[in-house]
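A.B. asks: Everything below, folded, please.
(one chain, ligands or ions: 1)
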Amino acid sequence: MMDNSKKDQLLHTCAWCTQEIDENEDIFGFGANASHDIDLEGKEGEFVSLNLSLRDKTVFALVPEKTKDPSMAGFDLLFITCSEHCAQSLKDEMDIERQVFED
Ligand SMILES: [Zn+2]
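C.D. replies: So this is what the prediction gives:
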């Protein structure tokens with residue numbers, strides 16, 4: 001279980017470049033689906049870490065509380081990034097990993 005200060009910190013940290021996102025700045029979040037090997041049971045509202053093996057990089061994603069956030073229906077994970085550029089880089093990287101590790 002993650003403590004709240006860590007969670008609060010991750011809510012304001014770019015998942016890709018790990019830069020802190022200022023409270024006055026826009027947050028670029030996007031939904032994604034988890035691959036089947038990640039167990040998200042009981043993790044709603046918590047952050048999970050994902051390993052991008054090709055880059056030896058760990059990224060954090062929030063498991064959305066779908067009951068509280070209807071816009072997240074259909075998504076398993078919410079990534080928080082500081083810019084459109086970081087959001088795109090992260091999406092591209094996950095696509096590459098998916099192509100490599102899933103058939
Ligand atoms: Zn960033």
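A.B. asks: In the protein, where is pLDDT below threshold?
C.D. replies: 1-2, 36, 101-103 (pLDDT under 70).
A.B. asks: Give me every residue in it lying close to the ion.
C.D. replies: Selection of the chain residues close to the ion by CB under 5 Å from the ion yields 14, 16-17, 82, 86. Heads up, the C-betas are built off the backbone N, CA and C, glycines and all.
A.B. asks: Would you mind listing which of the residues you listed are buried?
C.D. replies: When the residues of the chain next to the ion are checked for burial by 16 or more other CB atoms under 10 Å, the buried set is 14, 16, 82, 86.
A.B. asks: Columns secondary structure on top of those residues, output as CSV?
C.D. replies: Output for these, formatted as CSV (DSSP: H, G, I helix; E, B strand; the rest coil):
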residue, secondary structure
Cys14, coil
Trp16, coil
Cys82, coil
Cys86, helix
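A.B. asks: In TSV, list these along with distance to Pro64.
C.D. replies: Listed next are these as TSV, based on distance: CB to CB, whole Å:
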residue	distance to Pro64
Cys14	18
Trp16	18
Cys82	19
Cys86	19
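A.B. asks: hey, where'd the helices end up in this structure?
C.D. replies: In the chain, the segments counted as helices under DSSP state H are 4-11, 84-101.
A.B. asks: could I get the shortest one in CSV with only the CA atoms?
C.D. replies: Listed next in CSV are the C-alpha coordinates belonging to helix 4-11 (Å, rounded to 0.1, in the frame of the first residue of the first chain):
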residue,chain,number,x,y,z
ASN,A,4,-0.7,9.4,0.4
SER,A,5,2.2,11.7,0.1
LYS,A,6,3.9,9.4,-2.4
LYS,A,7,0.6,9.2,-4.3
ASP,A,8,0.2,12.9,-4.2
GLN,A,9,3.7,13.3,-5.6
LEU,A,10,3.0,10.9,-8.4
LEU,A,11,-0.1,12.7,-9.3
